[in-house]
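> Mind folding the following:
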Amino acid sequence: SCPGDRLYAWVRQGAPRPGGSPSTGGLEGDEMGQYVNVGINAAQDLPPNTWRTIEWGKEYSDNHHHHWDKGGSSVVTGPAKYAVRASVRITGLPPGTEGQIRITGVNAEDGSEREPGPIQEFTASAGDTFVLYANPIERVGKGHKARVEIIQYGTETARIVSGNLKANVYPE
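As a prediction, the model looks like this:
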């Protein structure tokens, strides 16, 4: 009743699923998504009461050129659905300062049209503030690019000193 030898042989073949190949585990084409991984390479000012677009200067992975403007703010090019996780580290926020982070789709040509996404809120604590934005599914329209925006409601300018964004993108 132990599947030992049969299970071991199946795993050695790449654990193929019906209708799929061993390398995809049953998923074909872009069903697994296109991967984007970018980071912050230079500190950025975060003035009070102003939405700030985060600049991603490091590109770790982007084989499909969603962040094709290296060193820029765009992280996903539409039309596409995507799942994203972005984290940033902020210095200079007094404890209790509130803020928000979101992803916004902007017109790829001139930034005129905006598609603001869901907002997540944060509150600064003692020391540096670590903000995590996670959204399991979002959409950016045709001719638009997704960008991360952040705002803090304090009285002094703070600094975004590090950060990372990872996204799985599913073109439509």
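
> chain center to the longest strand along the chain: distance?
Longest strand in the chain, counting residues (DSSP state E): strand 158-171. In terms of Cα atoms, centre = their mean, to the nearest Å, the centre of strand 158-171 is found 4 Å from the chain centre.

> before we move on, what about stretch 164-172?
Centroid separation between stretch 164-172 and its chain, computed with Cα atoms, centre = their mean, is 6 Å.

> in that stretch, what's buried?
For stretch 164-172, a neighbour-count test (16 or more other Cβ atoms under 10 Å) marks Asn164, Leu165, Lys166, Ala167, Asn168, Val169, Tyr170 as buried. Where you see a C-beta, it was placed from the backbone N, CA and C, and this is true even at glycine.

> ok, of those residues, which one's closest to Thr53?
Lowest distance from Thr53 to the buried residues of stretch 164-172 (Cβ to Cβ) belongs to Leu165, with 12.5 Å.

> and the gap between that closest one and His66?
When distance is defined by Cβ to Cβ, to the nearest Å, Leu165 is 11 Å away from His66.

> So for those two, which residues contact both of them?
Taking Cβ atoms under 8 Å, 6 or more residues apart in numbering as the contact rule, Leu165 and His66 both touch Val36, Val75.

> neighbours of Ala134, just the number please.
Using other Cβ atoms under 10 Å as the criterion, Ala134 is surrounded by 11 other residues.

> so what secondary structure elements neighbour the helix or strand harbouring it?
Per DSSP states H and E, Ala134 falls inside strand 129-140. When contacts are defined as 3 or more Cβ pairs under 8 Å, 6 or more residues apart in numbering; DSSP states H and E, strand 129-140 packs onto strand 80-91, strand 98-107, strand 114-123, strand 144-152.

> closest to Asn135 out of the ones you listed?
strand 80-91 (5.3 Å).

> next helix or strand past the one helix or strand in the chain whose mean pLDDT sits lowest?
Every helix and strand in the chain was compared by mean pLDDT, DSSP states H and E; the lowest is helix 4-12, with a mean of 64. Scanning forward in sequence from helix 4-12 by DSSP H and E, the next helix or strand is strand 34-39.

> Give the pairing partners of that following strand; include direction for each.
Counting by DSSP bridges, the strands paired with strand 34-39 are strand 58-62 (antiparallel), strand 158-171 (antiparallel).

> rank the ones you listed by pLDDT, which is bottom?
Lowest mean pLDDT of the strands paired with strand 34-39: strand 58-62, a mean of 90.

> So what are the sheet partners of the helix or strand just after it and their directions?
As assigned by DSSP H and E, the chain's next helix or strand after strand 58-62 is strand 74-77. The strands beside strand 74-77 in its sheet (DSSP bridges) come out as strand 144-152 (antiparallel).
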